[in-house]
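Asks: Have a look; sequence and predicted model below, questions after that.
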Amino acid sequence: MVKDIPLGEITLRRYEKPYDAHRREIVRKICLGLGMLQPGDSRDIMVDIVLVLEEARKEKKWMSSFDIRDKVEQKRKEHSLEIRGLAESNIRRQLKRLRDTLFVDKQENKYRISEFAPLSEIFENKIERFLIPQMTERIKEYLHKLDK
């Protein structure tokens, strides 16, 4: 049996404009919009990981997964959120997802937002201009093959 394994995958969702949203809610909508978080998902540890990495980006600071876990725990306590999903394996799994979506770099077991660039720039250069065109071109190839 042959399995259909995608070479790449991306989920995009559209939400309302971010009028007066707080920083955590903005990051949550970014994660939802990019498919890194599912609607209604209570396991939103990804939001705090992105927030922690975004703060470190501004200081041009690399962080270990342990540093990230500790900062995430601190953030969740500040917002009176459940302290779930902080297992080292889960933090590394979420960091891997961020690396797969090209938002995070890893070097010598330390992580950073890719090239310390703003997330908007990473989205434009790596996803909007690079990944999405490749994906739509491949879908078009299948559509043209079907037309023949």
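Replies: Cool, got the structure.
Asks: ok, the nearest residue to residue 132 once chain neighbours are set aside - how many residues close by?
Replies: Closest residue to residue 132 apart from its sequence neighbours, by C-beta to C-beta, 6 or more residues apart in numbering: residue 10 at 7.0 Å. Where C-beta positions appear, they are placed from N, C-alpha and C, glycine not excepted. Residue 10 has 13 neighbours, counted by other C-beta atoms under 10 Å.
Asks: The one 5 residues further on too?
Replies: For residue 15, the neighbour count with other C-beta under 10 Å is 12.
Asks: Could you double-check that it sits in contact with residue 34?
Replies: No - counting by C-beta atoms under 8 Å, residue 15 stays clear of residue 34, with 11.1 Å between them.
Asks: circling back to that earlier point, can you give me the distance of the residue nearest to residue 132 to residue 143?
Replies: The gap separating residue 10 from residue 143 is 18 Å, by C-beta to C-beta, to the nearest Å.
Asks: again, but for residue 132
Replies: According to C-beta to C-beta, residue 132 stands 16 Å off from residue 143.
Asks: which one of those two has more residues nearby?
Replies: In terms of neighbours (other C-beta under 10 Å), residue 132 is the more surrounded of residue 132 and residue 143; the figures are 14 against 9.
Asks: Can you give me the pLDDT of the most centrally placed residue in the chain?
Replies: The residue lying closest to the centre of the chain (C-alpha atoms, centre = their mean) is residue 98, at 4.3 Å. pLDDT, the model's per-residue confidence, is 96 for residue 98.
Asks: Noted, bye for now.
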